[in-house]
Structure formats: structure tokens, C-alpha cells
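>>> next comes the sequence, and after it the predicted model I'd like to discuss.
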Amino acid sequence: MVTKIEWTSHTWNPTTGCTKISPGCQNCYAEIFANRLKMMKIKEYENGFNFTMHRHKLNQPLQRKKPTIYFVNSMSDLFHLDVSDFFLDRVFDTILKTPHHTYQILTKRSARMMQYFSRRSCPPNAWLGVTVEKASSKERIAHLATIEAPVRFVSFEPLLEYLGNLNLDGIGWVIVGGESGNRARPMLPQWVNPIKDQCLAEDIPFFFKQWGSWGPDGVKRSKKNNGRILNGKIYDGMPAVGGRIFL
């Protein structure tokens, strides 16, 4: 499915639904969207936001010949504890069968991802990432660093506090974004700029996705009106892999 997410082009959801495990899950956009789709009687969302595996979607990327960047599970978490290793193996088998595509996989369940890849190799066209919202979740970066992958990335979204020192050794891409929606929590510039400065100092591509519902001036507006300009600039950093610059 084509998506409006700024740092990818399509989504592929072999699972839908999730379970809240950290502060960043509090106002989950996927939960709101899933329940809306259930009310619209969309078949894949008949369970609402209850975790569901969709075996019929496993081969979906094989049908697309045009090289595509897929964000895997925009409506779920691929490493949810209810996903069997067998199902994960089938997901990664599809990824291996489609080397013309690039897959971005983002999880909050970094320990499960680390455990899975302790016995398997990451496909050369799969980027692995973790979400870090608060200082208490920085250990996810350490888990990610143990896995060999063509790109390891961190999404600081929604960024909910100042994070202090970050160990970004081996990280190939960083995304930062604020929260959207009626219940969104503010993101302050003094939380964002240290991450941006560290990325620039360490030559890590930096992507500033959005301010969300609260602007850098502390005023609540629509996400569109707050935009994605940081310190007068748009930061669209993306990794270059195999000589190819994405997006």
C-alpha cells in the first residue's frame, strides 16, 4: 500500500494489531486507524487492534516488479511475542525472494529481534531499526547493535524527553519526530538538536520527520501547519547502500 510516511514509499502488513509495551505506545496511531477500519468492515481489520497474522499477505511483495521501499508492519510490530519463528521465517523468505525491494523493519521489541537473529542472518535487503522514545528505552539501541544488518536505524518518534548521551556506534540512519493527534505530547527543540548535532558530528544520515501537533514554539496546531523544518532547514538524510541513495 502507498503511504504518506515521509521516509518510505509503501507499506506491507503481514500482521496487524499490537500490544502496548512502552510510553510511546500511549497514543498509538495504528490503534486508532485499525479500529476505524474495523468500523468500515475492512476484512483484514475485523479483529480491530487485536494482534492478527495474515498468511495471505506473505507473498504480496512478490507481485510487484518495480523496485520498492517497503516499511514492514506500519500497523503492527513484526517481533510481537505472538509471532511464531516459523511465521517470521516466511516473512524473511519473501524478503530474500525479492532482492529488488528494500525492507525497513522497525520494532520496540528489540530483545526478541536480537534473539531471532542470533540464529539467523539478516537478508541483504532488510534494514533493521528500533524505536526509542525515552531514556529508559535506550537499551534497544544496544540490542540492535548486536545484529549484522546492511542498515541499522533508530527512530526517535515520538520523542518524549531529553535523552542525554547516545551510543550510536554502528547506526546508519536516525529519524526524529514528534507526536500527532488530539492527545499528542509536545516535543521540545532542546531534545531534538542534541541528536541532530551528534548525527552530523558522526556522519550519520539524519531525517527530521515532523514536529507533530506541537510546534517548536510550543503552540498546538495541525501537523501539516507545524511542518518539518528544524532550525530553518529540512533534514532528509537517508542511507546510501551499494552506491544507491534512497528516496
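Nice, thanks for sending it over. Numbering: from 1, shown residues only.
>>> list the contacts for the most centrally placed residue in the chain?
Using C-alpha atoms, centre = their mean, the residue of the chain that lies closest to the mean C-alpha position is residue 106, 4.0 Å off. Contacts for residue 106 (C-beta atoms under 8 Å, 6 or more residues apart in numbering) come out as 71-73, 129-131, 153, 155. Heads up, the C-betas are built off the backbone N, CA and C, glycines and all.
>>> just among these, which is most surrounded?
residue 130 (28 neighbours; other C-beta atoms under 10 Å).
>>> what's near enough to touch the nearest residue to that one once chain neighbours are set aside?
Leaving out its chain neighbours, the residue that sits closest to residue 130 by C-beta to C-beta, 6 or more residues apart in numbering is residue 140, at 4.0 Å. Neighbour list for residue 140: 108, 110, 130-132, 154 [criterion: C-beta under 8 Å, 6+ apart].
>>> for residue 140, what are phi and psi?
Per-residue torsions, residue 140: phi -60, psi -30 (degrees, to the nearest 10).
>>> got the domain ranges for the chain?
In terms of domains, the chain is parsed into 1-18+26-107, 132-239 (source: automatic domain parsing).
>>> poorly predicted segments of the protein, please.
Within the chain, the segments meeting pLDDT under 70 span 242-247.
>>> again, 50 this time
Applying pLDDT under 50 to the chain flags residues 243.
>>> now residue 224: how far from residue 231?
20 Å (C-beta to C-beta, to the nearest Å).
>>> need the contacts of residue 106 in CSV with distance to residue 79 and secondary structure, can you?
Shown next, in CSV, are those (distance: C-beta to C-beta, whole Å; DSSP: H, G, I helix; E, B strand; the rest coil):
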residue, distance to residue 79, secondary structure
71, 15, strand
72, 10, strand
73, 9, coil
129, 11, strand
130, 10, strand
131, 11, strand
153, 15, strand
155, 14, strand
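>>> wait, which of those is closest to residue 32?
Nearest to residue 32, judged by C-beta to C-beta, of the contacts of residue 106 is residue 73 at 16.4 Å.
>>> would you mind measuring from that closest one to residue 91?
9 Å.
>>> before I go, just wanted to say thanks for your time.
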